[in-house]
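1. A structural model of the following input is requested.
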Amino acid sequence: MTRTPIVGSCTLWPLLLAASIAAQDPLPRIAYDEKDSVAKIEIHLKDFHDSTRVSDQLKPCFQESDYCVIGTAAYLNDEGDVLTAAHVARDAAAVSQTLRDLGIDSELMVAGHARNAEYVKAGVSSGGGAFRASLKTIDSEHDLAVLQPDRNQAIPTVDASRRRQCLTVQLANQRPTAGDAVFAFGFAPYSPALITAVGSITLAVGSQNLIEARKSGDTQLVPVYRAGLNISPSNSGGPLFRSSDGALLGIVSEIKDTKENIEIIIPATEIAKVLSANAIKWTVAPPPARKHRRL
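-> Numbering: from 1, shown residues only. Below you'll find the predicted structure:
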């Protein structure tokens, strides 16, 4: 099965991408391809000068720019939908409300993982660096949310030769096993720098009443994986990939134990159920290659 390139909303400006990837252990080769399916959720100030008026709580985030990185996401389909955690979407809404209370105009944006001096806000089909977005669906029980592009935004002209196409994720429909090698992407707190963490599945069968669900009074247990990764809170909503073939195993929901670096992962099989129930397009990954035993 071929990967689906997004023609519009996730075409990116070329950068020195290697400089934006960091990991303590060697990365699988496929990670350099899968990074192009990663995006970040941001709040942009409409007026750069408003960065001096934000609340003390938000000042660290807006200290050096007119945007604040809230969390991580993954491109789902060629319509520009992106998958993230429900609590990331709610955090973005909370930041927007805080800014409105101060009389500051802002907008929710989805941006590619790379940017440079040529980065611009742009429309879904323009090939620019970011696009305005709105909430398409949210599921607190599974801590999942999907954002969609704002189709009414202006479309500036962009030189097609300078675009970089990124890919949509492919969801694994098989459960991993403990010990399977994985890698995940995310952003350091208050930073647009993409960080990669490598690790392994520590528990492939489990359940959890997630924090986002508990906030809404939901007591349901949902299937989860646990993975050993050294990541930060800004990795929330970030994709977790199987190292052998780059299939999406799930997204990061919670950091369960910061001392042991154990993360709670929402499985791709549960994500697929939520997406299908909301008529959102997604792609299934090919089954992993079988390992042949030596005689």
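2. Looking at strand pairing, list the partners for residue 73.
-> Counting by DSSP bridges, residue 73 is bridged to residue 39.
3. Provide a list of residues in contact with it.
-> Taking C-beta atoms under 8 Å, 6 or more residues apart in numbering, we find residue 73 in contact with 38-41, 82-84, 88, 110, 147, 237-238. All C-beta spots, glycine's among them, are computed from the backbone N, C-alpha and C.
4. Over to residue 99: give its phi and psi.
-> When quoted as degrees, to the nearest 10, the phi and psi of residue 99 stand at phi -70, psi -40.
5. quick one: it from residue 107, how far?
-> 10 Å (C-beta to C-beta, to the nearest Å).
6. can you check residue 142 too?
-> Noted for residue 142: a distance of 27 Å to residue 107, by C-beta to C-beta.
7. neighbour count winner among the two?
-> residue 142 (25 against 18; other C-beta atoms under 10 Å).
8. What values do phi and psi take at the more buried one?
-> Per degrees, to the nearest 10, the backbone of residue 142 is at phi -100, psi 0.
9. okay but it is in contact with residue 271, surely?
-> Yes: with contacts counted by C-beta atoms under 8 Å, residue 142 reaches residue 271, the gap being 7.4 Å.
10. Name the nearest residue to residue 229, sequence neighbours excluded.
-> residue 199 (4.0 Å; C-beta to C-beta, 6 or more residues apart in numbering).
11. That neighbour belongs to a strand, doesn't it?
-> Yes: counting by DSSP: H, G, I helix; E, B strand; the rest coil, residue 199 is located in a strand.
12. Only the buried residues of stretch 275-284, if you could.
-> Neighbour-count burial for stretch 275-284, with 16 or more other C-beta atoms under 10 Å as criterion, is recorded at 275, 280, 282-283.
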